[in-house]
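Undergrad: quick one: sequence plus predicted model below, questions after.
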Amino acid sequence: MVGTKVPINLRDSTGDKMPTFDSEQEKLEFIFTCKGKGLSPDQMARGSDLLFIRSQDLLAVYHQKGSGRVLSAWEALQAFGVDLLYEAVVDGSAILVSTKEEPARTIARRRKDLGLSNADIAKYTRLSLEDIHNLEDPKRRNPIQHLEIMARCLGLDERRIGFKPGSGGDNQLAIRLRNLKSSSSHFTPGTVMKFNEAAWTIATQYRLTSWLNAGEKPFWETNFEADNTYGDASYPAWQRGYYLAGQTRRILGIGHDEPILNLRELCNKKLEIPLLQMPLSKDIAGATLANNDDRGIVVNILGSNNNVWIRRSTIAHELGHLLWDPEQNLNRLKVDHYEDFDRDPEYFLRSHDFVEMRANAFSAELLAPRDASVEEFKRTDLRHVMEKFGVSFSIARYQVWNGLKRVIHWDSLVVDDILATDDWVGRESFTVDYFRPESVPTSRKGLFAFLVVKSESANLISEDTAINYLGCSATEYHQYKDLIFDIFQ
Amino acid sequence: MNIFRQKYPAREPNLERLKNNSELILLTEHNGLRLLAVAPMSNIELGLAPLDQSDRNGVNKYLWVIMTSHVPMVMEFEKTISDLGLERATHTNLTGGAPAHCAGELWFKDEATIWFSGGSSRYRPESSGQLTDVVASFKSCGYRVISFGWDEGADQPARFYRG
């Protein structure tokens, strides 16, 4: 009553939270206006035309206005849950943020954990310094588009920004990236943010795949188990690598002398491992990256990987890490440099780097099994070994030399031409070289783009989200979505 | 208020998401219905504005509606309304489903100071300009108004105060 002081514990003393009206099923039927139709929650959300719009702070039913992110019913339900959607429908809008300090606090903390300055982020994202400063100010309401850009370059789940403290960021990955940045001048702030964007892309690709496959686990997760054997004096790591390559071929049903004609497709479609091809610092060949439970491969398209035969061995090397190395050996992010790929096994023996020794041997044996390489060499020559198996000069040379028990002279193994043939380039580099629209970032070209278009067609994500995920314009999306779908379908 | 009423004519409530007909029951003073008077307002429950998702109703939230001749208000979780089969009041419980100019929520910081939002699924302000004008109307009644403002992204009245 007037004149009474507000009790100190006023907020705690009340029980006036919104009461629970209905069961979850009843709430869903109310939200999606499908009462009595006997639909499952998934069917209701997937079949609904209802759209939502989110801003930094609110989720609301979309009515063709607002500058926020338009979300399909399915993606809103997946991101925020039934209670929040119910509230948005009943009350017109619902508060998204978990605390008033969010999302500013999560952004500031993550940026500092990664050792990035506002200037670093401004340079990478092209957001202004003022925009970035505003994102860390809890008194501001920022455009969701700015928050999404920031989330991606910090390796956060942009859907959870503000909604969940920490926004799904992998803390161990952040620490690993900061340490790599501190230990090498080549590992620039830009490289840190590229790997964060890669982490975001990998997580998003897994999510879309899971939605499209009704939650089934990817092939590689159910068919491969980490292998802790890195050998000893009697059974060296390279020999284990050969063995694991054979096991991989067996699991994948690839014959012992059969070339792997399209490693990109094998990763993406058969193994269901996100493979991102993108420009990185020129000394980096590739990396295996874990973002929480989501693992993927990142391959540099610059430097020696310009030659797709070398790029294939990089991918195969990373596959060796991803499929067979236990998490503790990957340490969230395993970055491989070009200079390590051509090293003799003796080098790794001396440096006790058995993880790399095993992955190098795995790569060579997976792509060009020794016995089959020797057979081809005896029938033709070294160049034909390269052409048959799609491998670099280095790999063909090692496989043949080792396969022949090193009885021939190393220097006698030469070729006139080390460049990949057009058929190999076409298969392996197709998504990088010929993808349209060109404005899509290289890391999101390929299967990721297809999954985005397919998810939008299946009403799992909104067109607005699809355009945002591809980073192109609406006009470009409309012009090329059918093409993207047809090519990858 | 009349200037506001002239500028923004009364409109039918948005009943797209009517849960049941009890949301159209017209509350009376026996159910805690009050008419907003010029500040300072007597016999009100002081409250606290919402902070975040887990505290989305704040403390002692009042619903208000600008009708053609008066401005009724009621506490959303007024205890006496449960007798009517209502779990909480809605804006149409203040109008009986009649046309109104605008509606929203408020919390009394003191008798003359209110935290203020245009949150309503039935008669919400339709633009930031309309929200600004309704805030001005409450100020003209003598209230110090702490408006939550307009959320451009969602194109809706904001639901809590960012500062």
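TA: Perfect, thanks for sending it.
Undergrad: switch to C-alpha atoms for all contacts and neighbour counts from now on
TA: OK.
Undergrad: tell me where chain B has helices.
TA: Taking DSSP state H as the test, the helices found in chain B are B:2-7, B:92-95, B:128-140.
Undergrad: any idea which element residue A:480 lies in?
TA: Using DSSP states H and E, residue A:480 sits within helix A:474-488.
Undergrad: just list what that helix packs against, helices and strands only.
TA: Applying 3 or more CA pairs under 8 Å, 6 or more residues apart in numbering or on different chains; DSSP states H and E, we find helix A:474-488 packed against helix A:447-457.
Undergrad: which ones are touching the closest residue to residue A:280 other than its chain neighbours?
TA: The shortest distance from residue A:280 to any non-neighbouring residue, by CA to CA, 6 or more residues apart in numbering or on different chains, is to residue A:300 (5.3 Å). Taking CA atoms under 8 Å, 6 or more residues apart in numbering or on different chains as the criterion, residue A:300 is in contact with A:277, A:278, A:279, A:280, A:281, A:282, A:284, A:285, A:286, A:311.
Undergrad: do the same with residue A:50
TA: Contacts of residue A:50 by CA under 8 Å, 6+ apart are A:32, A:61, A:62, A:72, A:73.
Undergrad: need phi/psi at it.
TA: phi -60, psi 130 (degrees, to the nearest 10).
Undergrad: quick check: residue A:357 touching residue A:240?
TA: No - Residue A:357 lies out of contact with residue A:240 (CA atoms under 8 Å); the separation is 9.5 Å.
Undergrad: that older thread, quickly list what the residue nearest to residue A:280 is bridged to.
TA: Under the criterion DSSP bridges, residue A:300 forms beta bridges with residue A:278.
Undergrad: that one and chain B: what is the separation?
TA: Per CA to the nearest CA, to the nearest Å, residue A:300 is found 37 Å from chain B.
Undergrad: can you count the residues close to the residue in chain A that chain B sits nearest to?
TA: Going by CA to the nearest CA, chain B is nearest to residue A:68 of chain A, at 4.0 Å. Using other CA atoms under 10 Å in any protein chain shown, residue A:68 has 24 neighbouring residues.
Undergrad: what of residue A:413?
TA: Neighbours around residue A:413, by other CA under 10 Å: 17.
Undergrad: check what pLDDT it gets.
TA: pLDDT, residue A:413: 92.
Undergrad: which non-adjacent residue is nearest it?
TA: Per CA to CA, 6+ apart, closest to residue A:413 is residue A:397, 6.4 Å.
Undergrad: ditto for residue A:165
TA: Spatial nearest neighbour of residue A:165, excluding adjacent residues (CA to CA, 6+ apart): residue A:106 at 6.1 Å.
Undergrad: does the one you found sit in a helix or strand, and which one?
TA: helix A:104-113.
Undergrad: shaky segments in chain B?
TA: Scanning chain B for pLDDT under 70 picks out no residues.
Undergrad: out of the contacts of residue A:300, which are inside strands?
TA: Residues of these located in strands (DSSP state E): A:277, A:278, A:284, A:285, A:286.
Undergrad: using TSV, lay out those residues together with pLDDT and neighbour count.
TA: Formatted as TSV, the ones in strands among the contacts of residue A:300 follow (pLDDT from 0 to 100; neighbours: other CA atoms under 10 Å in any protein chain shown):
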residue	pLDDT	neighbour count
A:277	93	26
A:278	93	19
A:284	93	23
A:285	94	30
A:286	95	27
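Undergrad: so who does the residue most central in space within chain A touch?
TA: Chain A has residue A:202 as the residue nearest its centroid, 1.4 Å off, counting by CA atoms, centre = their mean. Shown in contact with residue A:202 (CA under 8 Å, 6+ apart): A:274, A:291, A:294, A:295, A:296.
Undergrad: now the two most distant members of those residues.
TA: A:274 and A:291 (11.8 Å; CA to CA).
Undergrad: re earlier: so for the residue nearest to residue A:165, what's the pLDDT?
TA: Value for residue A:106, per-residue pLDDT: 97.
Undergrad: okay, now it: neighbour count?
TA: Neighbours of residue A:106 (other CA under 10 Å): 21.
Undergrad: next one: residue A:296
TA: So residue A:296, with other CA under 10 Å, has 27 neighbours.
Undergrad: before we move on, what about residue A:373?
TA: Residue A:373, neighbours per other CA under 10 Å, totals 29.
Undergrad: from residue A:125, how far off is the nearest residue to residue A:286 once chain neighbours are set aside?
TA: Excluding its sequence neighbours, the residue lying closest to residue A:286 (CA to CA, 6+ apart) is residue A:299, at 4.2 Å. Look at residue A:299 and residue A:125: by CA to CA, to the nearest Å, they are 21 Å apart.
Undergrad: next: residue A:302.
TA: 21 Å.
Undergrad: tell me the contacts of residue B:138?
TA: B:1, B:145.
Undergrad: whoops, I mixed them up, residue B:118
TA: Residue B:118 touches B:103, B:104, B:105, B:124, B:125, B:131, B:157, B:158, B:159, counting by CA under 8 Å, 6+ apart.
Undergrad: from residue A:52, how far out is it?
TA: Taken as CA to CA, the span from residue B:118 to residue A:52 is 19 Å.
Undergrad: what angle sits between the lengthiest strand in chain B and helix B:128-140?
TA: In chain B, ranked by residue count with DSSP E as the criterion, the top strand is strand B:102-110. Angle, strand B:102-110 to helix B:128-140, by axes from the mean of the first three to the mean of the last three CA atoms, to 10 degrees: 40 degrees.
Undergrad: what sits up against the host helix or strand of the residue nearest to residue A:413?
TA: Per DSSP H and E: residue A:397 is located in helix A:393-403. With CA under 8 Å, 6+ apart as the test, helix A:393-403 has contacts from A:342, A:364-365, A:368-371, A:373-374, A:377, A:382-383, A:385-386, A:407-408, A:410, A:413-415, A:418.
Undergrad: ChimeraX command to pick out the buried ones of the residues you listed?
TA: Listed next is the ChimeraX selection for buried residues among these, using 16 or more other CA atoms under 10 Å in any protein chain shown:
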select /A:364,365,368,369,370,371,373,374,377,382,383,385,386,413,418
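Undergrad: count the residues that sit near residue A:114.
TA: 23.
Undergrad: contacting residues around it?
TA: A:154, A:174, A:175, A:177, A:178, A:192.
Undergrad: do that again at 7 Å, thanks
TA: By CA atoms under 7 Å, 6 or more residues apart in numbering or on different chains, residue A:114 lies in contact with A:174, A:175, A:177, A:178.
Undergrad: next, format these as TSV and append neighbour count, pLDDT and secondary structure.
TA: Formatted as TSV, the contacts of residue A:114 follow (neighbours: other CA atoms under 10 Å in any protein chain shown; pLDDT from 0 to 100; DSSP: H, G, I helix; E, B strand; the rest coil):
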residue	neighbour count	pLDDT	secondary structure
A:174	24	93	helix
A:175	16	92	helix
A:177	24	94	helix
A:178	20	94	helix
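Undergrad: what helix or strand is residue A:25 on?
TA: helix A:24-31.
Undergrad: and that helix, does that touch chain B?
TA: No - under the criterion of CA under 7 Å from any CA of the partner chain, chain B is not reached by helix A:24-31; the shortest gap measures 8.1 Å.
Undergrad: show the subsequent helix or strand relative to that helix.
TA: Beyond helix A:24-31 in the direction of the C-terminus, DSSP H and E gives the next helix or strand as helix A:41-46.
Undergrad: off-centre distance for that next one?
TA: Relative to its chain's centre, helix A:41-46 lies at 27 Å (CA atoms, centre = their mean, to the nearest Å).
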